[in-house]
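Peer 1: quick one, what's the 3D model for this:
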Amino acid sequence: MTTLVLLITAVLTALIGGLFYAYSCSVVLGLGKLSDAEYLKAMQSINREILNPVFFMSFIGTAILLPISVFLFRGQQPVFIFLLIAALAYLIGVFGVTVAGNVPMNDTLDKFDISNSTAEAIKQMRDNFESRWNFLNNIRTSFSVISIILVVCSCIWNREF
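Peer 2: Next comes the predicted model:
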């Protein structure tokens, strides 16, 4: 049973890391080519659509399963250490950054009325949003990769595999 939990944890960690990686190496690059109003509309749409059960399963599921995996593998070195560091990296660098950084920015953007704003207000909103949001996403991506590597290491060193 512990091996199955570890395997599911690995898959969810990789899925959410892949999402942030895909944003970093493709989505934000494509969005960056749009005009200010198009960019803001696209980000509003993406930020609304990502709030779905599939996303929450991987995003919150990883936040739940990593600590459970840490608990299940306590006393089994080095698997426990790999999982503990993976959980901390995910909870602080991915989950924490998302909740404390990206989500408040997304909420602010969601309330911004593009159709009734001046070109200057739209430009200012994009200037305030885009580079900071991308920076935070790159942090999430980096910590996701760290978490994935550590979970894979725990799978390799798990004697039950």
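Peer 1: I figured N138 was touching S24, is that so?
Peer 2: Yes: using Cβ atoms under 8 Å, N138 is in contact with S24, at 5.7 Å. Every C-beta, even on glycine, is put in place using the N, C-alpha and C of the backbone.
Peer 1: can you pull the contacts of L91?
Peer 2: L91 makes contacts with A63, L66, P67, as judged by Cβ atoms under 8 Å, 6 or more residues apart in numbering.
Peer 1: for the second one, give its distance to V27.
Peer 2: The spacing between L66 and V27, counted by Cβ to Cβ, to the nearest Å, is 25 Å.
Peer 1: what's the neighbour count on E120?
Peer 2: Each residue near E120 was counted by other Cβ atoms under 10 Å, and the total is 9.
Peer 1: sorry, wrong one. I was asking about S117.
Peer 2: There are 16 residues near S117, going by other Cβ under 10 Å.
Peer 1: of L66 and V27, give the one with the bigger neighbour count.
Peer 2: L66 (26 against 16).
Peer 1: which residue comes closest to the more buried one once chain neighbours are left out?
Peer 2: Leaving aside its sequence neighbours, L66 sits nearest to A87 (Cβ to Cβ, 6 or more residues apart in numbering; 3.9 Å).
Peer 1: tell me the first helix or strand C-terminal of the strand or helix carrying the one you found.
Peer 2: Counting by DSSP states H and E, the element that carries A87 is helix 79-88. Counting by DSSP H and E, the next helix or strand C-terminal to helix 79-88 is helix 97.
Peer 1: packing partners of that next one?
Peer 2: With contacts defined as 3 or more Cβ pairs under 8 Å, 6 or more residues apart in numbering; DSSP states H and E, helix 97 has these neighbours: helix 119-157.
Peer 1: tell me what angle the helix it packs on forms with helix 79-88.
Peer 2: Counting by axes from the mean of the first three to the mean of the last three Cα atoms, to 10 degrees, helix 119-157 lies at 170 degrees to helix 79-88.
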